[in-house]
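Novice: fold the stuff below for me.
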Amino acid sequence: MLTVVKEPKENALAVRLIGTIEEDVNFAQLIGEVPGELHVNTKEVSRISSHGVRQWVRYFDDLASRGVRIKHVACSVAVVQQLSLIVNFISDPSGIESICVPYLCAQCKGQFVSVIRVKHLLKIHEKIPSAACPKCGKGEAIFDDLESEYFNFLRRLKP
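Specialist: Numbers count the residues shown, from 1 in each chain. Below you'll find the model as predicted:
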């Protein structure tokens, strides 16, 4: 089940998507009228089914075809996985501002995500630095995925 939290801004609508994206999701109904720009925060999207992917692509392609500018912020791990697997998951990858990067603490085995701007990722050539663990405060956390697969979508952003 998907929940949408909306925050109107001047000439834009910011939405936070929370939950799972399944086949029965109706983005048009949940999001409503969209002005010239839509900011989509998916940090709290935990899963996207294959039918949910289809609904997503149809909705966002329709918005883009009507000239709506779409900015994606804090793309969840589930969204990033789809970005890297499905070329047209987001019609304009340049609209991806930031993504969630999964970490695993070597000390406490705690997992967490950190939001990193795509521009920064391109500068560091996808070499993710370690991070301090916010759970135990003692351990050094490392990126918890395969860089070559997780960041595959970045290749479409490079000149």
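
Novice: the longest strand along the chain: which residues count as buried?
Specialist: Secondary structure of the chain per DSSP state E: the longest strand is strand 37-48. For strand 37-48, a neighbour-count test (16 or more other CB atoms under 10 Å) marks 37-45, 48 as buried. All C-beta atoms are positioned from the backbone trio N, CA, C, and that covers glycine.

Novice: so which of these comes closest to residue 141?
Specialist: residue 43 (17.8 Å; CB to CB).

Novice: not counting sequence-adjacent ones, nearest residue to that closest one?
Specialist: residue 74 (3.8 Å; CB to CB, 6 or more residues apart in numbering).

Novice: isn't the one you found up against residue 42?
Specialist: Yes - counting by CB atoms under 8 Å, residue 42 is a contact partner of residue 74 at 6.7 Å.

Novice: is the nearest residue to residue 39 once chain neighbours are set aside in a bridge, and if so with what?
Specialist: Excluding its sequence neighbours, the residue lying closest to residue 39 (CB to CB, 6+ apart) is residue 14, at 4.2 Å. Judged by DSSP bridges, the bridge partners of residue 14 are residue 7, residue 39.

Novice: tell me who's in contact with residue 14.
Specialist: Residues in contact with residue 14, defined by CB atoms under 8 Å, 6 or more residues apart in numbering, are 6-8, 38-39, 41.

Novice: how about residue 69?
Specialist: 36-38, 95.

Novice: do the same with residue 91
Specialist: Neighbour list for residue 91: 60-61, 64 [criterion: CB under 8 Å, 6+ apart].

Novice: which of those fall in strands?
Specialist: In this view, the contacts of residue 91 have no member that belongs to strands under DSSP E.

Novice: doesn't residue 103 fall inside a strand?
Specialist: Yes - under DSSP: H, G, I helix; E, B strand; the rest coil, residue 103 sits within a strand.

Novice: which residues does it form a beta bridge with?
Specialist: As assigned using DSSP bridges, the partners bridged with residue 103 are residue 112, residue 143.

Novice: wait, isn't it in contact with residue 131?
Specialist: Yes - using CB under 8 Å, residue 103 is in contact with residue 131, at 5.5 Å.

Novice: anything in contact with each of those two?
Specialist: 114, 141.

Novice: show me the longest helix that occurs in this structure.
Specialist: Ranked by residue count under DSSP state H, the longest helix found in the chain is helix 50-65.
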